[in-house]
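Asks: Next comes the sequence, and after it the predicted model I'd like to discuss.
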There are 2 protein chains.
Amino acid sequence: MKTLNSTTSYITEHLYYPLEVPIHEYIVNKWSVPFLLAIFFGGCAIIMAATVMFVDRAHNHLPATEKAAIWWLVISGTIHLFFEGKFLTDSKGYFSLNHFQMGPAQDLFGQLWKEYAFSDSRYLTSDPFVLCMETVTAFTWGPLCFVVAYMVTNNHALRHPLQIIVTVGQIYGLILYYATSMFDHYYKEVTYSRPEFLYFWFYYFFMNFIWMVFPGILLVSSVRKIANAFNTLDKINGKKYTNGSAKKQL
Amino acid sequence: MKTLNSTTSYITEHLYYPLEVPIHEYIVNKWSVPFLLAIFFGGCAIIMAATVMFVDRAHNHLPATEKAAIWWLVISGTIHLFFEGKFLTDSKGYFSLNHFQMGPAQDLFGQLWKEYAFSDSRYLTSDPFVLCMETVTAFTWGPLCFVVAYMVTNNHALRHPLQIIVTVGQIYGLILYYATSMFDHYYKEVTYSRPEFLYFWFYYFFMNFIWMVFPGILLVSSVRKIANAFNTLDKINGKKYTNGSAKKQL
């Protein structure tokens, strides 16, 4: 334990990578890893089940792919807004480094972030890119996920343009997230993830890669639907319109 | 001048901020600032003039706003692909920090980057976020600018979805660019820009803010055009179609 300034203390005796990185007032989690993971995935499962039931009741006319889009947008928006938003309000990186609260946190989300940080210690060290990217994700892409989910239910004209904005934001943020830590790993020889399979491959790679897959599917789908719409209108304006064909092509 | 490793030397006697940051093999520019700026803005003016003339000859039927969109996309794509691409190939941050070539560069683009870096020294220090963001900008948004410019000329059905992708990428990258350096300035008390008006307000703020304004205009325009297209198709499918109204509303 070493003191970097007069008011706060930084811990260097911990299991995060790089092993010598100073973490502000770090205290080990009091709950076990299986318990924390059960709470997190159990919480996600409950939100997902509630969304599935609500959509089946309130919007049962929607095709299966549109229902699935709503499920994803709601779970993704919930994680952005509440889980990642909680990281930001807890870390308080914006107000003062001296008030960074994640190290000693023992509330549920604080412990979850301290567990996740074994795969990326930048979440415990006020990394500027991670904090800025998470701010945009939590407070822009998070709310927009819910807006787009709502727009799926009433087939709103803004659904596909907004869906492209959200998904490009999620995918670009993730590319920069992977790329910055890989750059530091390979060329600065600074590694933020513990090497074990659970941390590197499951937390860091797989849990984030989900945001490449589903946003990628929704992005491609929106681009195609918009292109089909313009092609259909071109045909209509080009006098090729016959009653009903526009609907069929959409 | 201090040596950080056995094969390369880092300079700390320079005028970049923070003043103590080590810059690899830095040598002062041999050309004057007015000359460098004249070359840069003169080059941009020539490319712009050539684009304007080409569009007026080859695509004179296009409305003025569409012509202006092409001018912007071509100049923006050129800067991304050639100027920012040159930064990446010169800096060689990807291959080895020991081969980082910007510090001693005396070619035109090398000197331009060393001049710009007075407003952001991260361009001379292999900052991971700046390198990764510039890679995506140069090799994804750059080429896509040219693709979208081409699609404007033939009113391609993919023009607006791709235009949203490019502009969201440019705007999000810029927000993170501003935000990361402002975070370090205010909360880590590390400042990358010299304080003079020319460096902070003109190079760092204004020259980048251009990429908030024009991509912002194009983004809003694409979102509206797509929403209009879906609304028009809804009316057609809702039997409200009367001949000619679809075209008028687009």
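Replies: Right, received. Where do you want to start?
Asks: measure residue A:43 to residue A:82 for me?
Replies: Note on residue A:43: its distance to residue A:82, by Cβ to Cβ, to the nearest Å, is 10 Å. Just so you know, the C-beta spots here come from the backbone N, C-alpha and C atoms, and that holds for glycine as well.
Asks: my read: residue A:125 touches residue A:18, true?
Replies: No: using Cβ atoms under 8 Å, residue A:125 makes no contact with residue A:18, being 9.9 Å away.
Asks: Mean pLDDT per helix and strand in chain A: which one sits at the bottom?
Replies: Between all helices and strands in chain A, the lowest mean by mean pLDDT, DSSP states H and E belongs to helix A:245-249, at a mean of 40.
Asks: Low-confidence stretches in chain A?
Replies: Confidence mapping of chain A against pLDDT under 70 gives the ranges A:1-8, A:91-100, A:239-250.
Asks: Excluding residues flanking it in the chain, which one is nearest residue A:76?
Replies: Nearest residue to residue A:76, sequence neighbours excluded (Cβ to Cβ, 6 or more residues apart in numbering or on different chains): residue A:145, at 5.1 Å.
Asks: Please, which helix or strand holds the one you found?
Replies: Using DSSP states H and E, residue A:145 sits within helix A:142-153.
Asks: residues of that helix that come out buried?
Replies: By neighbour count on 16 or more other Cβ atoms under 10 Å in any protein chain shown, the buried set for helix A:142-153 is A:142, A:144-149, A:151-153.
Asks: Mind giving me the packing neighbours of the next helix or strand after that helix?
Replies: Sequence-wise, the next helix or strand downstream of helix A:142-153 (DSSP H and E) is helix A:159-187. In terms of contacts (3 or more Cβ pairs under 8 Å, 6 or more residues apart in numbering or on different chains; DSSP states H and E), helix A:159-187 is packed against helix A:128-136, helix A:142-153, helix A:207-235, helix B:128-136, helix B:159-187, helix B:207-237.
Asks: Residue A:88 is nearest to which of those?
Replies: Relative to residue A:88, the nearest member of these by Cβ to Cβ is helix A:128-136, separated by 5.9 Å.
Asks: Show the contacting residues for the residue nearest to the spatial centre of chain A.
Replies: With distances taken as Cα atoms, centre = their mean, residue A:80 lies nearest the centre of chain A, 5.1 Å away. Residue A:80 makes contacts with A:137-138, A:141-142, A:145, as judged by Cβ atoms under 8 Å, 6 or more residues apart in numbering or on different chains.
Asks: Max pairwise distance over these: which two?
Replies: Comparing all pairs in these by Cβ to Cβ, the longest separation belongs to A:138 and A:145, at 10.9 Å.
Asks: residues bridging contact with the two, i.e. touching both?
Replies: A:80-81.
Asks: Quick check on residue A:24: phi, psi?
Replies: The phi and psi values for residue A:24, taken as degrees, to the nearest 10, are phi -70, psi 120.
Asks: beta partners of it?
Replies: Residue A:24 has these beta-bridge partners by DSSP bridges: residue A:10.
Asks: quick one, phi psi at the residue nearest to residue A:146 when sequence neighbours are not counted?
Replies: Counting by Cβ to Cβ, 6+ apart, residue A:146 lies nearest to residue A:77, which is 4.6 Å off, once chain neighbours are set aside. Here is the backbone geometry of residue A:77 (degrees, to the nearest 10): phi -60, psi -40.
Asks: quick one: residue A:133 and residue B:176, what's the gap?
Replies: 6 Å.
Asks: Looking at those two, which one has more neighbours?
Replies: Neighbour totals were compared for residue A:133 and residue B:176, and residue A:133 leads with 25 against 22 (other Cβ atoms under 10 Å in any protein chain shown).
Asks: and residue A:45, how many neighbours?
Replies: Neighbour count for residue A:45, taken as other Cβ under 10 Å: 11.
Asks: ok but it is inside a strand, no?
Replies: No: assigned with DSSP: H, G, I helix; E, B strand; the rest coil, residue A:45 falls outside any strand and is helix.
Asks: Next, count neighbours for residue A:197.
Replies: Residue neighbour count, defined by other Cβ under 10 Å, stands at 10 for residue A:197.
Asks: Residue A:75 touches residue A:44, doesn't it?
Replies: Yes: between residue A:75 and residue A:44 there is a contact at 6.2 Å, judged by Cβ under 8 Å.
Asks: These two: who's more crowded?
Replies: Between residue A:75 and residue A:44, residue A:75 has the larger neighbour count (other Cβ under 10 Å), namely 19 against 14.
Asks: Show the contacting residues for the more buried one.
Replies: Residue A:75 sits next to A:44, A:47-48, A:51 when contact means Cβ under 8 Å, 6+ apart.
Asks: Could you identify the most distant pair in these?
Replies: A:44 and A:51 (10.5 Å).
Asks: Give the phi and psi angles for residue A:194, as a check.
Replies: Backbone torsions for residue A:194, taken as degrees, to the nearest 10, come to phi -60, psi 150.
Asks: Is there a neighbour count for it? I'd like the number.
Replies: 20.
Asks: ok, it to residue B:186 distance?
Replies: Residue A:194 is 31 Å from residue B:186, where distance means Cβ to Cβ.
Asks: do the same with residue A:62
Replies: Distance, residue A:62 to residue B:186, using Cβ to Cβ: 46 Å.
Asks: So which of these two has more stuff around it?
Replies: residue A:62 (17 against 13).
Asks: separation between that one and chain B?
Replies: 16 Å (Cβ to the nearest Cβ, to the nearest Å).
Asks: That residue contacts residue A:149, correct?
Replies: No: using Cβ under 8 Å, residue A:62 makes no contact with residue A:149, being 11.4 Å away.
Asks: got any residues that touch both of those two?
Replies: Residues touching both residue A:62 and residue A:149 by Cβ under 8 Å, 6+ apart: residue A:70.
Asks: So residue A:125 and residue A:18 - more neighbours on which side?
Replies: Neighbour count, other Cβ under 10 Å: between residue A:125 and residue A:18, residue A:125 has more, with 24 against 13.
Asks: residues near the residue nearest to the more buried one when sequence neighbours are not counted, how many?
Replies: In this structure, residue A:125 finds its nearest non-sequential neighbour in residue A:21, 6.0 Å apart by Cβ to Cβ, 6+ apart. A count of neighbours around residue A:21, defined by other Cβ under 10 Å, yields 17.
Asks: doesn't residue A:21 fall inside a helix?
Replies: No: secondary structure of residue A:21 (three-state DSSP): coil, not part of a helix.
Asks: that older thread, which ones are touching the residue lying closest to the residue nearest to the centre of chain A once chain neighbours are set aside?
Replies: Closest residue in space to residue A:80, ignoring its immediate chain neighbours: residue A:142 at 3.2 Å, by Cβ to Cβ, 6+ apart. By Cβ under 8 Å, 6+ apart, the contact set of residue A:142 is A:77, A:80-81, A:84-85.
Asks: Please tell me which one of the residues you listed counts the most neighbours.
Replies: residue A:80 (25 neighbours).
Asks: From chain B, how far off is the spatially closest residue to residue A:166 that is not a sequence neighbour?
Replies: Leaving aside its chain neighbours, residue A:166 sits nearest to residue A:144 (4.7 Å; criterion: Cβ to Cβ, 6+ apart). According to Cβ to the nearest Cβ, residue A:144 and chain B sit 11 Å apart.
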